[in-house]
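Asker: Take this sequence and fold it.
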Amino acid sequence: MPGLYDVIRLLRHAGEDSAIKGIYLKCNGDPNGFATNEELRHALQDFKKTGKFVYAYGDGITQKAYYVAAVADKIYCNPKGDLEWKGFSTEMLYLKGALQKLEIEPQIFYAGKFKSATEPLREEKMTDANRLQLTELLNDFFNRLLDSTAAVRGLDTGVLRKCANESLVRHASDALNYRLVDGLKYDDEVKDEMRRKLGLDKHGWINFISLGKYAKGVDWKTTPGKDKICLIYAEGDVVDGKGEKDDIGSETYRYLIRKARFDKEVKAIVLRVNSGGGSSLASENIWRELSLARKEKPVIVSFGDVAASGAYYLSCNADSIFALPGTITGSIGVFTIIPNFQSFFKNKLGVTFDGVKTAPEADLLNSTRPLTAAERVYVQNEIDTIYHDFKSRVSEGRGRSMEYIDSIAQGRVWSGTMGLSLGLVDRMGTLQDAIDCAARMAKTNDYRLVEYPEPKGFLERIIGSYKHSAGMKAMQEELGEEGMRTFLTLKKAKAMVGKMETRLPFDLDIQ
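Answerer: Okay, here's the model as predicted:
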């Protein structure tokens, strides 16, 4: 399947392709983040400027799907379907009670009062600080939905807010009454309307083509040019070493950035970041490589759905940072987890441990006993040092004082809109805007894109995708939705044990 930037370029190509007359947008569920949907909206709006039509249709249209569909010329809903209009919410899973019953002490250290990544392990409910930041974040995203809908549909934001607050949109007919859709039709009726628009009779065949098939049938990616602009996709957890295929491994990305730095034909580097962070040391190492590259050529960063914590750390020294209103960013803070399993092993399993050592701290940070007072001081000092270094990197990269950075840090997450006003990002813009900026800074308009990591072979993609989907599907069926959430939360916690982490909160899933 094409990635996001592939979709953007395919839509651009379709706008210039005389064989393409319009787009039929199926808008039921939408797993995308808010920034991804922003990019899709921009691409669809550009497509409409060519004079071609965009129709949107859904049986059950979610709020995220509606945000994209709202730019269409016509939006239709199944007469027996529904359109979701209820505001946004998020829910976090808390494991403190379970750990207490198991007699496992997580021993958590952190810097930043908003650093809520460890909250599920040390609290039974949201802290006031986390509730504040998430409330403001969701309100910002919801206001964006209200404002954009009001603008394209010619509606009043006050009425739209009332519809959500009073649950006035429960059925498809309600969506029509409040002018959120243009009509209630079945799929065949929408296609009949498209036939008339295309000048076909009622039995005329509409030649629909999916984006995946369209990508295989047209030459949409060839961009001849004398110079190169290197586009590096950084998506997943920031980890030490090479990492897996869905990770931002520090060794892998240092190599890619260095390769682009040493290539004299590469006139600028664009880093596309979509990550909630991870290892503080890996973030520092990638930050270092980007800083070296910036001394030789422009380095532009484009934030996707999320670019926070360690992902913000590695990005903060770029020449320019682009984000979108729906980007989640910030979260400048640090934490670590060092579990104490002593009581669990002894009281639950009947297992005890003993040993010898040649120095007082030879078994430093051992997870089979509680930390000593001296060890606790040592770990907190390490956390505070990394937090200071993190803020220093941001202060240097953003050209702001340490005092100011500290005031907006504390592990707090911000939307892209807030990040722009605070100086965490430089501009609102899409990935294409970031690439255009890189070309201007490199003083070239005769360039081609080179993209890393390079796409995997067909067989490797199929096998990898099958193994991942089959395993996850089997677990989902066995554990159920809530059991799966608990498993994934524990899995993330296990990966963090004993590491200095700059990472977003668990499962920030906004519905």
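Asker: Could you use CA atoms for every contact and neighbour count after this?
Answerer: Noted.
Asker: what about stretch 271-287, start to end distance?
Answerer: One end of stretch 271-287 to the other measures 12 Å (Cα to Cα, to the nearest Å).
Asker: Check stretch 179-187 too.
Answerer: 19 Å.
Asker: Distance from stretch 229-249 to the middle of the chain?
Answerer: With Cα atoms, centre = their mean, to the nearest Å as the basis, stretch 229-249 stands 14 Å off its chain's centre.
Asker: Could you list the residues in contact with that stretch?
Answerer: Stretch 229-249 is contacted from outside by 250-252, 256-257, 260, 266-279, 281-283, 310-311, 435, 438-439, 447-453, using Cα atoms under 8 Å, 6 or more residues apart in numbering.
Asker: Mind checking which of the residues you listed land in helices?
Answerer: Residues from the contacts of stretch 229-249 lying in helices, with DSSP state H as the criterion: 250-252, 256-257, 260, 281-283, 310-311, 435, 438-439.
Asker: Just send these back as TSV, with pLDDT too.
Answerer: Shown next, in TSV, are those (pLDDT from 0 to 100):
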residue	pLDDT
250	97
251	97
252	97
256	98
257	98
260	97
281	95
282	96
283	97
310	95
311	96
435	97
438	98
439	97
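Asker: Report the two of those separated the most.
Answerer: Within the ones in helices among the contacts of stretch 229-249, 281 and 439 form the most distant pair, 31.1 Å apart (Cα to Cα).
Asker: of these two, who's got more company?
Answerer: Between residue 281 and residue 439, counted using other Cα atoms under 10 Å, residue 439 has the larger neighbour count: 22 against 19.
Asker: Now do the contacts for that one.
Answerer: Contacts for residue 439 (Cα under 8 Å, 6+ apart) come out as 229, 267, 268, 445, 447.
Asker: Buried members of these into ChimeraX, please.
Answerer: Buried residues within the contacts of residue 439, by 16 or more other Cα atoms under 10 Å, are selected in ChimeraX with:
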select :229,267,268,447
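Asker: can you pull out the helices in the stretch 351-500 of the chain?
Answerer: Here the stretch 351-500 of the chain has its helices, by DSSP state H, counting those that start in this stretch, at 373-398, 402-408, 416-422, 431-441, 458-496.
Asker: lowest-confidence stretch among those helices?
Answerer: Here these differ in mean pLDDT, and the lowest is helix 458-496 at a mean of 53.
Asker: possible to save the contacts of residue 439 as CSV with pLDDT and distance to residue 93?
Answerer: Shown next, in CSV, are these (pLDDT from 0 to 100; distance: Cα to Cα, whole Å):
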residue, pLDDT, distance to residue 93
229, 97, 43
267, 97, 46
268, 98, 42
445, 91, 50
447, 94, 48
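Asker: quick one: which two of the contacts of residue 439 are the most distant?
Answerer: Of all pairs drawn from these, the one with the longest distance (Cα to Cα) is 268 and 445, at 12.0 Å.
Asker: What about residue 192, how many residues nearby?
Answerer: When neighbours are defined as other Cα under 10 Å, residue 192 has 18 of them.
Asker: Oops, could you answer that again for residue 98 instead?
Answerer: Residue 98: 12 surrounding residues under other Cα under 10 Å.
Asker: if I look at it, how far off is residue 354?
Answerer: On the measure of Cα to Cα, residue 98 and residue 354 end up 27 Å apart.
Asker: Out of the ones in helices among the contacts of stretch 229-249, give me the one that has the most neighbours.
Answerer: Comparing the ones in helices among the contacts of stretch 229-249 by number of neighbours (other Cα under 10 Å), residue 311 comes first, having 36 neighbours.
Asker: Enumerate every residue touching that one.
Answerer: With contact taken as Cα under 8 Å, 6+ apart, residue 311 is in contact with 238, 273, 274, 275, 276, 277, 278, 283.
Asker: May I ask which of the residues you listed has the most neighbours?
Answerer: That'd be residue 238 among the contacts of residue 311, by other Cα under 10 Å, with 31 neighbours.
Asker: I'd like to know which of the ones in helices among the contacts of stretch 229-249 is nearest to residue 139.
Answerer: Nearest to residue 139 among the ones in helices among the contacts of stretch 229-249 is residue 311, at 23.7 Å by Cα to Cα.
Asker: Regarding residue 321, what is its secondary structure?
Answerer: strand (DSSP: H, G, I helix; E, B strand; the rest coil).
Asker: wouldn't it be in contact with residue 429 here?
Answerer: No. With contact defined as Cα atoms under 8 Å, residue 321 and residue 429 do not form a contacting pair (9.3 Å).
Asker: For the stretch 201-350 of the chain, which segments count as helices?
Answerer: 211-217, 250-262, 280-294, 310-315, 342-343.
Asker: re the thing from before, so for residue 321 and residue 429, which residue has more residues nearby?
Answerer: More neighbours surround residue 321 than the other of residue 321 and residue 429, with 26 against 18 (other Cα under 10 Å).
Asker: Is the more buried one bridged to anything, and to what?
Answerer: residue 301 (DSSP bridges).
Asker: Could you pull up the contacting residues of it?
Answerer: Neighbour list for residue 321: 300, 301, 302, 303, 315, 425, 426, 427 [criterion: Cα under 8 Å, 6+ apart].
Asker: what does residue 69 give?
Answerer: Counting by Cα under 8 Å, 6+ apart, residue 69 touches 25, 27, 41, 56, 75.
Asker: quick one, phi/psi of the first one?
Answerer: Just to be clear, that refers to residue 25. Main-chain dihedrals, residue 25, degrees, to the nearest 10: phi -100, psi 110.
Asker: Report the contact partners of it.
Answerer: Applying Cα under 8 Å, 6+ apart to residue 25 gives the contacts 54, 55, 56, 57, 69.
Asker: Out of those, list just those in helices.
Answerer: residue 69.
Asker: Residue 160: which of the contacts of residue 25 is nearest?
Answerer: Nearest to residue 160 among those, counting by Cα to Cα, is residue 69 at 16.4 Å.
Asker: so what's the closest one scoring on pLDDT?
Answerer: Here the pLDDT value assigned to residue 69 is 96.
Asker: Quick check: the gap between it and residue 30.
Answerer: According to Cα to Cα, residue 69 and residue 30 sit 11 Å apart.
Asker: what sits up against stretch 183-194?
Answerer: By Cα under 8 Å, 6+ apart, the list of residues contacting stretch 183-194 reads 57, 75, 76, 77, 78, 79, 172, 173, 176, 202.
Asker: State the phi and psi torsions of the fifth one.
Answerer: Main-chain torsions, residue 78, degrees, to the nearest 10: phi -60, psi 130.
Asker: So what touches the strand or helix carrying residue 10?
Answerer: Per DSSP states H and E, residue 10 falls inside helix 4-16. Contact with helix 4-16 is made by 20, 36, 39-40, 43-44, 46-48, 50, 52, 211, 214-215, 220-221, 431, as judged by Cα under 8 Å, 6+ apart.
Asker: how does it look with 7 Å?
Answerer: Residues outside helix 4-16 that contact it (Cα atoms under 7 Å, 6 or more residues apart in numbering) are 20, 40, 43, 47, 50, 215, 220.
Asker: what's the closest of those residues to residue 288?
Answerer: residue 40 (32.6 Å).
Asker: what sits against that closest one?
Answerer: When contacts are counted by Cα under 7 Å, 6+ apart, residue 40 touches 8, 68.
Asker: tell me the angle of whichever helix or strand residue 40 is part of relative to helix 4-16?
Answerer: Using DSSP H and E, residue 40 maps to helix 34-48. If you take axes from the mean of the first three to the mean of the last three Cα atoms, to 10 degrees, helix 34-48 sits at 10 degrees to helix 4-16.
Asker: If you count neighbours, what's buried in helix 34-48?
Answerer: Residues 34-45, 47-48 are the ones in helix 34-48 that count as buried (16+ other Cα under 10 Å).
Asker: Same question for stretch 236-255.
Answerer: For stretch 236-255, burial by neighbour count (16+ other Cα under 10 Å) applies to 236-240, 243, 247-254.
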